[in-house]
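1. give me a 3D structure for the following:
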Amino acid sequence: MSFFSKFFSKEKEEDLNKGLEKTKESFFSQISKAVAGKSKVDIEFLDELESILISADVGLETTVKIIDRLEEKVSIDKYLNADELNTILKNVIIDILEENNTRDIDDFDIPSGINPYIILVVGVNGVGKTTTIGKIAYKYNKSGKNLVLGAGDTFRAAAVDQLKIWAGRSGAHFYSKGMNTDPAAVAYETTQYAMNNHMDVAIIDTAGRLHTKKQLMEELTKIKKSIEKKLPGAPHEVLLVLDATTGQNAIEQAKHFTAATDVTAIALTKLDGSAKGGVVLGISDQFKIPIKYIGVGEGMEQLQVFNRKAFVESLFA
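-> As a prediction, this is how the structure comes out:
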């Protein structure tokens, strides 16, 4: 039995492998070349590894952590060959992801005893936020959950219509007050709709706020408070959507959004279009927030619950 067969269907395994092709070709192929023929971990190899990790947008702080831990492991385990070094490096990366509460399960379930489960989705324009909401809704609907999508992005042209289309595709209910209305009111009333109609889940969209504009970040805080006013303890999840192709800019966005609201999970989109999948490691390590979803293609089924072991195994395969 392969590692993947424990967790993934053959289709999901293929989607993951294909989605990470660019990163594997540019990133881990370089690591393989650096490792090849080495009989020990020397300064030359560590310098080369540092350069590879940084070029993949892992980030300096996380890169240093990986290298330090690799040196420590090698000194204990007495590295002998390339295969063993690959295994040690792989386990170091898996451990870093584990420290940030990243899960190793593949489902679209919700915690027991919470009904409705309110998800607030945040992120700048262009990262695939509304599409990600639609795909999450599809997965929840497929698992038997009743849910409603709230159109809280009331400023962007056609944003309400776009979410309505996704609600139809995914089999979700839809709540809107139209364009140019108060997004905090939409969030409040979507929560009320979910409660009144016995929904299992409510997913509330927000405007694609420019992270450089303080007043828009303050508006996000207002939305969160309006939800909590209607349902104490909600939102139960604040999901930040980031675009993997933007590399370090995604990390900069994460800094501003985590300062504005209590982000509890991250969805990383467009991994299939990026050669810098190392940003997964940097974001998870720097913000101590679990990566919950990854987008590895445009199809409805190509949004996956992030499995750290499957991700790292695929990168090193």
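2. using the three-state scheme, assign Thr23.
-> Under the three-state scheme (DSSP: H, G, I helix; E, B strand; the rest coil), Thr23 adopts helix.
3. I figured it hits Ala275, correct?
-> Yes - contact criterion CB atoms under 8 Å: Thr23 and Ala275 qualify, at 5.7 Å. Backbone N, C-alpha and C define where each C-beta goes, glycine included.
4. for these two, list the residues in contact with both.
-> Contact criterion CB atoms under 8 Å, 6 or more residues apart in numbering; residues shared by Thr23 and Ala275: Ala56.
5. neighbour-wise, which of those two wins?
-> Thr23 (23 against 19; other CB atoms under 10 Å).
6. any idea how far Glu219 is from that one?
-> Computed as CB to CB, to the nearest Å, the Thr23 to Glu219 distance reads 35 Å.
7. mind listing what the most centrally placed residue in the chain touches?
-> Centrality entry for the chain: nearest residue to the mean C-alpha point is Ala267, 2.3 Å, by CA atoms, centre = their mean. For Ala267, the contact set (CB under 8 Å, 6+ apart) comprises 132, 136, 239-242, 291-295, 303.
8. among the residues you listed, which lie within helices?
-> 132, 136 (DSSP state H).
9. and the helices in this protein, which stretches?
-> Going by DSSP H, the chain shows helices at 10-19, 21-23, 29-35, 43-55, 60-77, 82-99, 129-142, 159-170, 183-196, 214-230, 248-260, 279-287, 308-316.
10. of all these, which one comes closest to Ile110?
-> helix 129-142 (8.0 Å; CB to CB).
11. can you name the residues in contact with the closest one?
-> Helix 129-142 is contacted by residues 108, 119, 121-123, 147, 149, 153, 159, 162-163, 165-167, 169-172, 200-201, 203, 205, 208, 241, 267, 269, 293, 295, 300, 302-303 when judged by CB under 8 Å, 6+ apart.
12. what pLDDT, on average, does it get?
-> Averaging pLDDT along helix 129-142 gives 95.
13. do the same with stretch 261-269
-> For stretch 261-269, the per-residue pLDDT averages 91.
14. then stretch 222-236?
-> Here stretch 222-236 scores 95 as its mean pLDDT.
15. over to stretch 198-205?
-> 97.
16. and for it, what's in contact with it?
-> Under CB under 8 Å, 6+ apart, the answer for stretch 198-205 is 110, 115-121, 129-130, 133, 136-137, 140, 145-153, 159, 163, 172-173, 186-187, 190-191, 193-194, 223, 227, 235.
17. which of those are buried, as a PyMOL select command?
-> To isolate the buried members of the contacts of stretch 198-205 in PyMOL, using 16 or more other CB atoms under 10 Å:
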select buried, resi 110+116+117+118+119+120+121+129+130+133+136+137+140+145+146+147+148+149+150+151+152+153+159+163+172+173+186+187+190+191+193+194+223+227+235
